[in-house]
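Trainee: Sequence and predicted structure are below.
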Amino acid sequence: MKLRITLTGCLLFLAAVTGCKQKPNELHPLDHPALAQPAQPAAPPASSPAPATPVAQRPSGPIAFTDVTAQAGINFKHNNGAFGKKLLPETMGSGACFIDYDNDGYQDILIVNSTDWPDHKSRKSYPALYRNNHDGTFTDVTREAGLAVEIYGMGCAVGDFDNDGYDDIYITAVGNNHLFRNLGNGRFADVTAKAGVSDPGFSTSAIWFDYDNDGKLDLFVSHYVEWSEATDQYCSLDNKNKSYCTPQLYKGQSATLFHNKGNGVFENVTKRAGLYDPSSKSLGIAMLDYDNDGWMDLFVANDTQPNKLYHNNHDGTFTDQAVISGVAYGESGTTRAGMGVDAGDFDHSRKQGLIIGNFTNEGLALYRNDGSGLFTDDSASSSISEPSLRSLTFGALFFDYDLDGWLDIFAANGHVADDISVLQPTLHYEEPPFVFRNKGNGKFEDVTARLGAALRKPVVARGVAYADIDLDGDLDLLMTVNNGPARLFRNDNGNQNDMLRVKTVGTRSNRDGIGAKITLRTNKGMEQFAMVHSGSSYLSQSELPVTFGLGKPEGDKTVNLQIVWPSGHKDSMPDLKPNQFITVQEGKGVISAHPIMFTPPDAHAATPKQTALSRTP
C-alpha cells in the first residue's frame, strides 16, 4: 500500500524561517496543494518556490499497475440496460473524469452510468462521485453532492465554466445532457435548463475549451448517430440471432458548439461557426493548436466517416482541414472506426501529434505533426500498428507512466459484439489493454506484460483517464468497463525518475488555464511541450494538472518553464527544482510549491488522524 502524503520533517524553507518541529506522522497543512487552489480567481501574493527535497525514500523495483479498486472503495458497476434486444447504445459506454471538486488538492473520481430502458425498468442507476480520502480510499458522495440523477449517460467533461474557482461537470447522454454547477460547498446544482445546453440526441464525448480567447470556457459536444429504440436496426452474425449493428445503418448527427456568454447562459453557434455536419458520427475529441497560432483547433474522431480537423479561423468560425492535413483517412485511403483520441508531443518536436483508437484489423493510428499543417501516419514505423490489429480500441491517451520524459500510450480495448467469437474464434469480446512505451527514437514497444498481472486481465473496456491520485508523482489509471465494474490501477514504482507537476490558474484566461501551452527545458538538455486540456481519450477526462517526467535523478538538475496563456500573456520561471508540485498563476508566476512525497514500497496507508490533518484549511 502506498504512503498517502506522510511528512517526516518540516520543509526546509519553513524550518529555516520558524525552526518548527513536527510530530511523527503528522501532516503540516502547508504541505499539500490545496492551498495552491484558491476558491476565487484572486490568488495569494506570489512567493518564491521552495527547494524541492524528497521527504521519503524513493521506491525501487519494477513498475507495476496494481488493481486497487476494491481496497480503494470503488464499487461502481456500469449498467448499460441490456436485456436481450441488442440496442445500439448498449455497446458504447461509459466514461469517467478526474475532478478535484472540493479543492483539497486531491483528485476525486466521477464515473458516468447509464440505466435501464423505459420499457424494461428493474433498477435505478446513477453516475457516481467518489471523494478522495487522502489515504488511498474513496467515499461515494453521489447523493449528498446532488448528482443522483438517472440518465442514460455516456461521457463527461470537467471545467470551471463560470470562473468561480470550482470545477463544474457536463455529462453527455442518449437523450438530454446535463450541466452541473459546482456550488463550492460539496454540492452541485443542475443548471442545464438555465444554461441552455441540454443538446438532445445521441451525445458522446464533450470538451471545454475557449475557442474565441475571451477568458470563458466554451463547450463542444460530439454526437454519434440518429437513433431511437423504435428505429433500432436488425443485424445478425449467425443469421439466427440479433446482433448489435454497425453505425453504417444509421444517419449521422452533427456535433454542437456552445458559446459561453458569461452570464451562466450558452448559445448554440454550431451553424454560425461552420461546424454543422449531420454526416459525422463522432466519438472522440481532442483540443490542440496544431499550427501554433494561439487559437484552439479541434480534432474529432469519426466512426466509419472521415475524421475532422477543425482549424480555428480566429473569427468565430472553423474550417475542416483533415483531408489536406492527412488525418481524415487511413493509409489505404479508407475511413476507419475512429473511437478515442488524444493529442500530445510524443516526439519532442514541440508540436502535438495524435493517437486514435480504431476497430479490429485497423490498428491504432499515430500521427506525427510535421509542423507545416501536415501530419504523417507513423503507426507502422512506430511499431504500434501490428500489435494492435487484433484489438478494438476505445479509450486512447498519451501519458508518461515511467517519467522518463517521453509520452507513452495507453489503449483501452474491448469489442462491441458480445458474440464476435461465434464467427471469428480468434477475436474476443473481452480484451486486455495495451501500454506502449516510448523508446525516444520514433519507436514504441509493447510493455503491457511487464507491468503486472492486473493489466493482463481481458475486459470490455471503454473510457480511460489518468491522475496522480496519491500525490506521489506518478500517474495512476482509471478504466471503465461496459456493463461491468470500473477498475482503478495504482502506479507502483513509477516515480523512480524525477518529475515536475504543474497546475495552472488563469486570470485574464479561463480560471483552469485550459489551453495554456507549457514549454519545459532542463539544464541537462531535455525539452518538452504540453498543453492543459479538457476531454480526450473516449468519453473521459484526465486530471487538469500537467505532469512532466524528467528522467534519471540528478542532484544539480534545474528546470526552466515558460507558459503561454490563451490570453497571449507569457510567464517564465527559471531555475526550478524538480520533484515539486507547483501552481502557476497567470501574471504572477509560481504562487505555491510543494515537494513530491516519494513512497517506499512497504509504506502503510495514512491514519485517520493524518487524513483529518490533511483536510485542514
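Mentor: Noted; the coordinates are in hand.

Trainee: In the stretch 301-450 of the chain, what residue spans correspond to strands?
Mentor: 308-312, 318-320, 341-344, 353-356, 365-369, 375-377, 393-399, 408-413, 434-438, 444-446 (DSSP state E, counting those that start in this stretch).

Trainee: Show me the one of those strands that comes nearest Arg456.
Mentor: Judged by Cβ to Cβ, the one of the strands of the stretch 301-450 of the chain that comes nearest to Arg456 is strand 434-438, at 10.8 Å. For every residue, glycine as well, the C-beta is placed using N, CA and C.

Trainee: Which residues does that closest one contact?
Mentor: Residues from elsewhere that reach strand 434-438 (Cβ atoms under 8 Å, 6 or more residues apart in numbering): 346, 364, 384, 387-388, 391, 393, 400-402, 404, 406-411, 413, 444-448, 451, 455.

Trainee: swap in stretch 62-75?
Mentor: Contacts for stretch 62-75 (Cβ under 8 Å, 6+ apart): 1, 109, 130, 136-140, 401-402, 450-452, 454-455, 457, 476-477, 485-494, 496.

Trainee: Whichever of these end up buried, select them in PyMOL.
Mentor: Here is the PyMOL command that selects the buried residues among the contacts of stretch 62-75 (16 or more other Cβ atoms under 10 Å):
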select buried, resi 1+109+130+136+137+138+140+401+402+451+452+454+455+476+477+485+486+487+488+489+490+491+492+493+494+496
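
Trainee: Compile the strands of the stretch 301-450 of the chain into CSV and extend it with columns for distance to Thr66.
Mentor: Formatted as CSV, the strands of the stretch 301-450 of the chain follow (distance: least, Cβ to Cβ, whole Å):
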stretch, distance to Thr66
strand 308-312, 38
strand 318-320, 43
strand 341-344, 24
strand 353-356, 25
strand 365-369, 28
strand 375-377, 35
strand 393-399, 17
strand 408-413, 15
strand 434-438, 14
strand 444-446, 20
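
Trainee: In terms of pLDDT, where does Glu554 sit?
Mentor: For Glu554, the pLDDT comes out at 88.

Trainee: re earlier: now the strands of the stretch 301-450 of the chain as a markdown table including mean pLDDT?
Mentor: Shown next, in a markdown table, are these (pLDDT from 0 to 100):
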| stretch | mean pLDDT |
| --- | --- |
| strand 308-312 | 98 |
| strand 318-320 | 98 |
| strand 341-344 | 98 |
| strand 353-356 | 97 |
| strand 365-369 | 97 |
| strand 375-377 | 96 |
| strand 393-399 | 97 |
| strand 408-413 | 98 |
| strand 434-438 | 98 |
| strand 444-446 | 97 |
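
Trainee: Next, format those strands as CSV and append mean neighbour count and distance to Ala70.
Mentor: Shown next, in CSV, are those (neighbours: other Cβ atoms under 10 Å; distance: least, Cβ to Cβ, whole Å):
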stretch, mean neighbour count, distance to Ala70
strand 308-312, 24, 41
strand 318-320, 18, 45
strand 341-344, 28, 28
strand 353-356, 26, 30
strand 365-369, 25, 34
strand 375-377, 19, 41
strand 393-399, 29, 22
strand 408-413, 28, 20
strand 434-438, 22, 22
strand 444-446, 19, 28
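
Trainee: what's the closest of these to Asp291?
Mentor: Of all those, strand 308-312 comes closest under Cβ to Cβ, at 7.2 Å.

Trainee: where's the closest one relative to the chain centroid, distance-wise?
Mentor: Strand 308-312 has its C-alpha centroid displaced from the chain centroid by 21 Å (Cα atoms, centre = their mean, to the nearest Å).

Trainee: What of stretch 257-274?
Mentor: 24 Å.

Trainee: ends of that stretch, how far apart?
Mentor: Taking Cα to Cα, to the nearest Å, the first and last residues of stretch 257-274 lie 10 Å apart.

Trainee: contacting residues for the closest residue in space to Leu183 that isn't next to it in sequence?
Mentor: Excluding its sequence neighbours, the residue lying closest to Leu183 (Cβ to Cβ, 6 or more residues apart in numbering) is Ala189, at 5.8 Å. Ala189 sits next to 146, 180-181, 183 when contact means Cβ under 8 Å, 6+ apart.

Trainee: Just the buried residues of these.
Mentor: 146, 180-181.

Trainee: In helices, which of these appear?
Mentor: If you go by DSSP state H, the buried ones among the contacts of Ala189 have nothing in helices.

Trainee: Secondary structure class of the residue nearest to Leu183, three-state.
Mentor: For Ala189, the assignment made with DSSP: H, G, I helix; E, B strand; the rest coil gives strand.

Trainee: pLDDT value on it, please?
Mentor: pLDDT, Ala189: 98.

Trainee: And the one 3 residues further on, by the same measure?
Mentor: Taken from the predicted model, the pLDDT recorded for Thr192 is 98.

Trainee: same check, this time on Asp370
Mentor: Note for Asp370: predicted pLDDT of 95.
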